[in-house]
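**Student:** Structure for this input, please:
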Amino acid sequence: MAAATRLLGGVHLLIGKVVDMERRTTGGFARGRALLEGPAGTLELSIQNEHLMAVRDGAVVATTPDLICVLDTDTGEPVTTEAMRYGLRVTVIAAPCDPRWTTPEGLALVGPRYFGYDCDYVPLAGAGS
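**Tutor:** I've put the predicted structure just below:
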């Protein structure tokens, strides 16, 4: 996990367990949320076919267009939104997107507001370091 985070220039968000999963299909998209708990706190992932926003203990810590990646803690394999389930032990990392997506034009196409979230893009704290 550390090697992947370094390679992607990303940040570690949480190691924990899925304690709640809510998923529904509306408008052709799998939408919902996953609630994860770990020693470092609670992380809620909002999904629309992909992980689009991460909120830790009430604060937004990652949003689209940056990549939010969920990995099986034991195997390192990616965990898709469809495979997310109660009890799964996961590690969540986030990686910065290409800078072109953070322009006003890019955010209009793939930013959190495009997907209906009531927040602006939140750049990853500590990414690339």
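**Student:** In this structure, which strand is the longest?
**Tutor:** Once the chain is assigned using DSSP state E, the strand that runs over the most residues is strand 11-26.
**Student:** give me the low-pLDDT residue ranges for this protein?
**Tutor:** In the predicted model, the chain carries pLDDT under 70 at residues 126-129.
**Student:** Which parts of it are strands?
**Tutor:** 11-26, 29-38, 41-48, 51-56, 59-63, 67-72, 89-95.
**Student:** quick one: contacts for the residue in the chain sticking out farthest from the centre?
**Tutor:** Computed with Cα atoms, centre = their mean, the residue of the chain farthest from its C-alpha average is residue 105, at 21.9 Å. Applying Cβ atoms under 8 Å, 6 or more residues apart in numbering, we find residue 105 in contact with no residue. Bear in mind the C-beta positions are built from the backbone N, C-alpha and C, glycine included.
**Student:** quick one on the thing from earlier: just checking: what are the partner strands of the longest strand of the chain?
**Tutor:** Take DSSP bridges as the rule and strand 11-26 pairs in its sheet with strand 29-38 (antiparallel), strand 89-95 (antiparallel).
**Student:** export the strands of the chain to a markdown table and tack on mean neighbour count and distance to residue 116?
**Tutor:** Shown next, in a markdown table, are these (neighbours: other Cβ atoms under 10 Å; distance: least, Cβ to Cβ, whole Å):
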| stretch | mean neighbour count | distance to residue 116 |
| --- | --- | --- |
| strand 11-26 | 16 | 11 |
| strand 29-38 | 18 | 9 |
| strand 41-48 | 20 | 8 |
| strand 51-56 | 22 | 10 |
| strand 59-63 | 20 | 12 |
| strand 67-72 | 20 | 17 |
| strand 89-95 | 22 | 20 |
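**Student:** out of these, which comes closest to residue 119?
**Tutor:** Residue 119 lies closest to strand 59-63 among the strands of the chain, at 5.6 Å (Cβ to Cβ).
**Student:** and that closest one, which strands flank it?
**Tutor:** Sheet partners assigned to strand 59-63 using DSSP bridges are listed as strand 51-56 (antiparallel).
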